[in-house]
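Asker: Pasting a predicted model and its sequence here:
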Amino acid sequence: MEAIAISLPFLVGLIAVALIFDFLNGLHDAANSIATIVSTRVLKPQYAVAWAAFFNFIAFLFFGLHVAETLGIGIISASVVDPHVIFGALIGAILWNLITWFLGIPSSSSHALVGGLLGAGCAKAGWSAIVWPGVIKTSAAIVLSPLVGFVLAIFLMFTLSWLFVRSTPYSVDNLFRRLQFFSASLYSLGHGGNDAQKTMGIIAVLLYSQGMIGDKFYVPFWVVLVCQAMMGLGTLAGGWRIVKTMGAKITRLTPVQGFCAEAGGSITLFMATYLGIPVSTTHTITGSIVGVGAVRRTSAVRWNIASNIVVAWIVTIPASALMAAITYYAAWFLG
């Protein structure tokens with residue numbers, strides 16, 4: 001595999017940029033893990049982010065690295081990867097994350113990174129850079145992950161409503177306030193397991209392109225630890241603008257609804273991570289929240305807010321791809 005050899009300081013700088021993206025991913029997606037538990041007033045925001053950050057960090061103990069492999073060699077061909085491509089992909093994803101964070105829009109950090117890879121890879125090598133099976137699998141997940149979360153959340157709501165039909169609202173409320181600790185933990189675990197692996201894949205393929213991890217692609221353990229830690233720190237920093245959108249603007253949640261949304265989202269994330277699909281935790285939890293809100297009544301969901309979020313989902317990959325391509329050309333031109 002031909003590669004552009006780079007100096008050690010430049011390599012370290014690129015890894016630092018990747019870790020900045022990882023941190024911003026945790027910051028941007030903190031709302032996915034804590035919005036429901038904060039909106040139902042089970043935990044105060046500062047305690048909720050610490051809770052989520054802990055489970056984000058330990059996620060590597062429970063999952064394989066299939067998602068990292070998909071991001072590393074399953075979106076664009078490893079033979080296309082060079083420092084300019086990685087730099088363009090990361091900057092495109094970071095810029096889009098910052099724009100949507102500032103606007104309070106829960107877009108997908110995952111798909112921003114996928115878009116960044118596609119934009120920078122195609123800027124270098126054209127359409128031949130794309131690994132179509134991985135892209136098709138990831139694109140399908142854009143539709144399927146919120147849909148699966150939506151269906152599971154509705155199923156759980158109906159099931160629990162039937163099981164607790166003779167219980168008082170007060171007793172149900174108290175029970176699910178406690179159970180939300182469990183469901184929020186699972187969701188944070190799924191978030192850390194799926195999302196941190198994306199940065200692992202980027203760093204690993206960069207090292208692979210430089211011949212620093214041998215002839216076979218894999219993710220070094222130090223990369224796993226550093227990426228999980230940065231994800232946890234980003235979550236700890238919080239993402240309050242998006243928490244407000246996810247926790248209150250889409251629909252008002254009760255503890256049992258919060259539990260069902262988190263549980264439905266967790267199951268979806270666990271399945272996707274096992275299959276090596278880099279899904280959006282944002283899409284997943286949004287679909288689950290809309291599902292539990294719709295069970296109460298369709299008017300309980302603020303569909304205009306939900307539709308704006310869907311528009312952001314559609315725009316994310318092409319927008320980040322465009323930014324990445326421009327960054328790639330600028331980096332290539334400047335040397």
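Answerer: Now that the structure is in, tell me what you want to look at. Just so we're clear, the structure is a prediction, and the values are computed from it rather than from any experiment.
Asker: Now Ile73: closest residue in space, sequence neighbours ignored.
Answerer: Closest residue to Ile73 in three dimensions, ignoring its sequence neighbours and counting by Cβ to Cβ, 6 or more residues apart in numbering: Phe217, at 5.5 Å. Glycine gets a C-beta too; all of them are placed from N, C-alpha and C.
Asker: quick one, what contacts the one you found?
Answerer: If you count contacts by Cβ atoms under 8 Å, 6 or more residues apart in numbering, Phe217 has them with Glu69, Gly72, Ile73, Ala78, Ala204, Val205, Tyr208.
Asker: any idea which of those residues is closest to Val85?
Answerer: Closest approach to Val85 among these (Cβ to Cβ): Val205, at 9.4 Å.
Asker: how about the closest one, secondary structure?
Answerer: Judged by DSSP: H, G, I helix; E, B strand; the rest coil, the three-state class of Val205 is helix.
Asker: What distance do you get for the nearest residue in space to it that is not next to it in sequence to Lys124?
Answerer: Of all residues not flanking Val205 in the chain, Gly72 sits nearest, at 4.0 Å (Cβ to Cβ, 6+ apart). Gly72 sits 17 Å away from Lys124, going by Cβ to Cβ, to the nearest Å.
Asker: follow-up on the earlier one: pLDDT score assigned to the residue nearest to Val205?
Answerer: Note on Gly72: pLDDT of 88.
Asker: That one reaches Ala78, doesn't it?
Answerer: Yes - contact criterion Cβ atoms under 8 Å: Gly72 and Ala78 qualify, at 7.3 Å.
Asker: more crowded one of those two?
Answerer: Taking neighbours as other Cβ atoms under 10 Å, Gly72 and Ala78 compare with Gly72 leading, 27 against 15.
Asker: Let me see the contact set for that one.
Answerer: Contacts of Gly72 by Cβ under 8 Å, 6+ apart are Ala78, Met200, Gly201, Ile202, Ala204, Val205, Tyr208, Phe217, Val219.
Asker: next one: Lys124
Answerer: Residues near Lys124 by Cβ under 8 Å, 6+ apart: Val80, Asp82, His84, Val85, Tyr328, Trp332.
Asker: and if you look at Glu69?
Answerer: Gly201, Phe217, Val219, Gly276.
Asker: Serialize those residues to TSV and add fields for distance to Phe10.
Answerer: TSV is the format used below for the contacts of Glu69 (distance: Cβ to Cβ, whole Å):
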residue	distance to Phe10
Gly201	20
Phe217	21
Val219	21
Gly276	30
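Asker: Tell me which two in those residues are the farthest apart.
Answerer: Farthest-apart pair in the contacts of Glu69 is Phe217 and Gly276; separation 13.4 Å (Cβ to Cβ).
Asker: Distance check, Trp162 against Phe155.
Answerer: For Trp162, the distance to Phe155 - Cβ to Cβ - is 11 Å.
Asker: and what of Ser183?
Answerer: Separation of Ser183 from Phe155 (Cβ to Cβ): 15 Å.
Asker: any idea which of the contacts of Phe217 is closest to Ile289?
Answerer: Looking across the contacts of Phe217 and measuring by Cβ to Cβ, the closest to Ile289 is Glu69, at 30.2 Å.
Asker: which SS class is the closest one?
Answerer: Secondary structure state of Glu69, per three-state DSSP, is helix.
Asker: got a list of what the closest residue to Val219 other than its chain neighbours touches?
Answerer: Leaving aside its chain neighbours, Val219 sits nearest to Ala204 (4.5 Å; criterion: Cβ to Cβ, 6+ apart). Residues near Ala204 by Cβ under 8 Å, 6+ apart: Ala68, Gly72, Ile213, Phe217, Tyr218, Val219, Pro220, Val223.
Asker: go on, Ala263?
Answerer: For Ala263, the contacting residues are Leu152, Ala153, Leu156, Ser183, Leu186, by Cβ under 8 Å, 6+ apart.
Asker: Doesn't the last one belong to a helix?
Answerer: Yes - secondary structure of Leu186, determined by three-state DSSP: located in a helix.
Asker: From Ile285, how far out is it?
Answerer: 12 Å.
Asker: for the first one, same thing?
Answerer: With distances defined as Cβ to Cβ, the gap from Leu152 to Ile285 amounts to 12 Å.
Asker: residue boundaries of the helices in the stretch 51-200 of the chain?
Answerer: For the stretch 51-200 of the chain, helices defined by DSSP state H, counting those that start in this stretch occupy the ranges 66-73, 83-103, 109-125, 132-163, 169-209.
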